[in-house]
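Engineer: Sharing a model prediction with you, sequence too.
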Amino acid sequence: MVALNNNYQKIIKYDLLNKFYYNNIKKIPELQKVTLNFACKTPEIKFISSSLLALELISYKRGCLVKSRKPSLMLKIRKGHPVGCALTLQKTQMYDFVYKISSVVFPNSKEFTGLTFKRKGSANSFTLTINQLACFEELKGQFYLFNRLPPLNVNLVTNTANRSELFYLLRSFRLPFIKN
């Protein structure tokens, strides 16, 4: 929602300024984009089309097909054939999606215990996987279409300089992390 964007502009920015030291106000960490993708294991069009439709229902934006760059004999995929779908959210749409997963999807998930923050990895992005897509309100009515979807991969890209800034920013967005 717009509420998360307003919360970032009015509260989280000043909390980051108080917690970390910045020489330039433009270096304050912010969420730059959110990338959503489904990676289908089979190249069948019915799985790819249902995942593309689910991606459109979840984010209210049209996704695009991802084609394979190399052939894979193990997966029986030729070069140039569709292997999944992806979508990039920016500006208010990314804040809407982060608000949706933090306040609706994770609390409604039965098997969700919390996100783990790994010590290794990139300093400016965080990747999470959502296995239970039935928690999205948009997909509940058409369960027969979306019951065999692959997991949704969500990549949150920021402009943070280190892992502690990234963790503090994501905790400020109310993402439910568990203590390691």
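Structural biologist: Sure thing, it's come through.

Engineer: Next up, the contacts around the most centrally placed residue in the chain.
Structural biologist: The structure's the chain has its C-alpha centroid closest to Val154; by CA atoms, centre = their mean the separation is 2.4 Å. By CB atoms under 8 Å, 6 or more residues apart in numbering, Val154 lies in contact with Val34, Thr35, Leu36, Ile101, Thr127, Leu128, Thr129, Ile130. Where C-beta positions appear, they are placed from N, C-alpha and C, glycine not excepted.

Engineer: Return the distance of Ile130 relative to Ile101.
Structural biologist: Plainly put, Ile130 is 7 Å away from Ile101 if you go by CB to CB, to the nearest Å.

Engineer: Okay, now the unreliable bits of the chain?
Structural biologist: Flagging of the chain using pLDDT under 70 yields the residue ranges 1, 43, 71-77, 80, 119, 180.

Engineer: after the longest helix seen in the chain, next one along is what?
Structural biologist: In terms of residue count, the longest helix belonging to the chain (DSSP state H) is helix 45-59. Heading C-terminal from helix 45-59, the first helix or strand you meet, by DSSP states H and E, is strand 64-67.

Engineer: Following the chain past that following strand, name the next helix or strand.
Structural biologist: strand 82-89.

Engineer: by contact count, what packs against that following strand?
Structural biologist: strand 31-39, helix 45-59, strand 64-67 (3 or more CB pairs under 8 Å, 6 or more residues apart in numbering; DSSP states H and E).

Engineer: buried set for the longest one?
Structural biologist: Under the neighbour-count criterion of 16 or more other CB atoms under 10 Å, helix 45-59 has Phe47, Ile48, Ser50, Ser51, Leu52, Leu53, Ala54, Leu55, Leu57, Ile58, Ser59 buried.

Engineer: I'd like the distance between the last one and Phe143.
Structural biologist: Ser59 is 19 Å from Phe143, where distance means CB to CB.

Engineer: same check, this time on the second one
Structural biologist: Taking CB to CB as the measure, Ile48 falls 19 Å from Phe143.

Engineer: Compare the contacts of Val154 and tell me which is most surrounded.
Structural biologist: Compared across the contacts of Val154, Ile101 has the highest neighbour count, 23 neighbours, by other CB atoms under 10 Å.

Engineer: Confirm that it sits in a helix.
Structural biologist: Yes: using DSSP: H, G, I helix; E, B strand; the rest coil, the assignment for Ile101 is a helix.

Engineer: mind checking how far Phe136 is from Phe106?
Structural biologist: In terms of CB to CB, Phe136 sits 11 Å off from Phe106.
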